[in-house]
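> Provided below for reference: sequence and predicted model.
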Amino acid sequence: MMERRPRIGITGSAGTGKTSLADAVSDLMHLPVRRETMRDRLMAGFDPHALSRDGHRRMIAGDADDLALDLARAQDGLVTDRTPLDMASFWLVNGFAVDDPAATEALLARAVCAMADYDLVVLLPWGGRPVAADGVRSTNPWMQLHFQTVVEGLCRLYVAPDRLLHASPMAGTEMLALLIRDRVCR
């Protein structure tokens, strides 16, 4: 049994059910949820296309740092519906590695370090459900697959296999929440 409350990260492309799963795990395990900040921005009317390329880079780096700090401070456990590797994936998918290799190396190093604070990272599968046209997420499946491929690769490289759960495309949210609870409480 764990001596402290668990920290659980959920990752995957848009529409995979990260937020729904985070809420289910939170309810089941009585853990706070740290929500993705970009989603909140978009729902409040933020237009990412209004940012300069440098402004977009600064925003992703800031979001990665904020998430890592929240994770490190989470003494009472936590569920996040993005991980620092998601932020690194956004950085890579947007081509910022080409613009600034040194900043890329630094961002990835900070993300990898922060991933060690998770007890479990749950990787949700791409294409399990259609992405809703909600005005917040891109419904372009190939853009989502691109992100998913990058985040899966980073998870395989930088998350210890015993702390990485590849969710089945057939697993329902409630069943997966129970599996997560059992896995982190053994």
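Okay, I see it. Numbering: from 1, shown residues only.
> which parts of the protein are strands?
Taking DSSP state E, the strands of the chain run over residues 7-11, 33-34, 78-80, 120-123, 164-166.
> elements contacting the fourth one?
Strand 120-123 is packed against strand 7-11, helix 141-158, strand 164-166, helix 173-184, with contacts defined by 3 or more C-beta pairs under 8 Å, 6 or more residues apart in numbering; DSSP states H and E. Where you see a C-beta, it was placed from the backbone N, CA and C, and this is true even at glycine.
> which one of the ones you listed has the most crowded surroundings?
Between the helices and strands packed on strand 120-123, strand 7-11 has the highest mean count of neighbours, a mean of 28, where neighbours are mean count of other C-beta atoms under 10 Å.
> quick one: mean pLDDT for it?
Averaged across strand 7-11, the pLDDT comes to 97.
> pipe the helices and strands packed on strand 120-123 into a markdown table and attach distance to residue 62 per row.
As requested, the helices and strands packed on strand 120-123 are exported to a markdown table (distance: least, C-beta to C-beta, whole Å):
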| stretch | distance to residue 62 |
| --- | --- |
| strand 7-11 | 18 |
| helix 141-158 | 19 |
| strand 164-166 | 26 |
| helix 173-184 | 28 |
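> quick one: closest of these to residue 48.
Ranking those by proximity to residue 48 (C-beta to C-beta) places helix 141-158 first, at 13.2 Å.
> number of residues surrounding the residue nearest to residue 180 when sequence neighbours are not counted?
Among residues not flanking residue 180 along the chain, residue 25 sits closest, at 5.5 Å (C-beta to C-beta, 6 or more residues apart in numbering). By the measure other C-beta atoms under 10 Å, the count of residues near residue 25 is 26.
> let me know the pLDDT of residue 25.
As summarised for this prediction, residue 25 has a pLDDT of 97.
> who's in contact with it?
8, 10, 31, 79, 177, 180, 181 (C-beta atoms under 8 Å, 6 or more residues apart in numbering).
> local confidence estimate at residue 54?
pLDDT, the model's per-residue confidence, is 94 for residue 54.
> what about it, how many residues nearby?
Neighbour count for residue 54, taken as other C-beta under 10 Å: 11.
> lowest confidence element among the helices and strands of the chain?
Lowest mean confidence among the helices and strands of the chain (mean pLDDT, DSSP states H and E): helix 37-43, at a mean of 84.
> tell me how far the residue most central in space within the chain lies from residue 22.
Within the chain, the residue whose C-alpha comes closest to the C-alpha centroid is residue 82; the distance, by C-alpha atoms, centre = their mean, is 2.0 Å. In this view, residue 82 and residue 22 are 9 Å apart by C-beta to C-beta, to the nearest Å.
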